[in-house]
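*Asks:* for reference, the sequence and a predicted model appear below.
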Amino acid sequence: LETPTDKRIFVLAAALKAGYTIDRLYELTKIDRWFLHKMKNIIDHVATLETYREDGTKMPSEVLLKAKQLGFSDKQIAQAVQSTELAVRKLRQDWKILPVVKQIDTVAAEWPAQTNYLFLTYNGMEHDLDFREPHVMVIGSGVYRIGSSVEFDWCAVGCIQELCKMGFKTIMVNYNPETVSTDYDMCDRLYFDEISFEVVMDIYELENPEGLILSMGGQL
């Protein structure tokens with residue numbers, strides 16, 4: 001705990017689960033207490049979820065909602081209650097615990113943002129946009145890695161450019177940070193979110209696109 005490494009956050013989680021106090025962890029790590037309290041909220045909720053291991057269907061809807069608001073994926077919830085990702089997804093949908101689409105505010109709230117940067121959240125009441133027009137959805141190449149690129153996702157961008165030439169409106173789903181700095185104006189809607197089964201399916205079900213293209217070809 002005293003030595004910063006890329007594994008320390010996992011040791012910190014184990015220490016919180018073992019009952020270390022915030023003050024003791026602050027003494028050991030010098031991590032601001034604000035962050036330690038936020039981490040403790042997550043660990044405490046894991047413990048709450050684990051009390052429903054015998055039957056995840058007995059979990060109250062407010063417990064599941066809080067887990068989603070804290071950032072738990074369906075897969076993480078399933079691991080905590082010893083269920084499956086699909087079972088948690090079905091339970092969540094039955095209870096109408098669904099994400100809303102929000103625009104990323106790029107103008108510091110000085111006036112309404114008009115950007116096409118979008119993300120999913122469970123900490124909202126309504127969507128920032130509607131889903132009336134048909135689009136084609138393109139799945140990007142994901143995060144860039146050492147040896148691949150620090151520039152833009154050429155595979156996804158090339159695909160979107162061709163779709164635009166054919167007259168289609170486009171959606172890109174990508175969590176490469178360079179997507180936002182270099183590819184932001186390439187598509188009509190850019191979901192800056194993780195590429196996982198849960199997130200892609202949530203976006204797919206909201207947007208109901210007329211086509212879906214996997215463009216995991218890599219970057220330039």
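*Replies:* Alright, I've got the coordinates.
*Asks:* show me the strands in the protein, by range?
*Replies:* 100-103, 117-121, 136-139, 170-174, 189-192, 211-214 (DSSP state E).
*Asks:* return the most buried member of those strands.
*Replies:* Mean neighbour count, computed with mean count of other C-beta atoms under 10 Å, is highest for strand 170-174 among the strands of the chain, reaching a mean of 25. All C-beta atoms are positioned from the backbone trio N, CA, C, and that covers glycine.
*Asks:* pretty sure Val200 is touching Gly142, no?
*Replies:* No. Applying C-beta atoms under 8 Å, one finds Val200 not in contact with Gly142, separated by 11.4 Å.
*Asks:* now the strands of the chain as CSV including distance to Val11?
*Replies:* Shown next, in CSV, are the strands of the chain (distance: least, C-beta to C-beta, whole Å):
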stretch, distance to Val11
strand 100-103, 34
strand 117-121, 29
strand 136-139, 34
strand 170-174, 32
strand 189-192, 30
strand 211-214, 37
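*Asks:* for this protein, what are the low-confidence residue spans?
*Replies:* Across the chain, residues meeting the criterion (pLDDT under 70) sit at 56, 107-109, 113, 143-152, 177-184, 216-220.
*Asks:* try 90 this time
*Replies:* 1-3, 53-58, 103-117, 128-129, 139-161, 172, 174-187, 190, 192-195, 214-220 (pLDDT under 90).
*Asks:* quick one: the lengthiest helix in it to chain centroid distance?
*Replies:* Counting residues, the longest helix in the chain under DSSP state H turns out to be helix 33-50. Here helix 33-50 is found 19 Å from its chain centre; the criterion is C-alpha atoms, centre = their mean, to the nearest Å.
*Asks:* contact partners of stretch 110-129?
*Replies:* Residues outside stretch 110-129 that contact it (C-beta atoms under 8 Å, 6 or more residues apart in numbering) are 65, 68-69, 97, 99-107, 180, 184-185, 187-193, 199, 202-203, 206.
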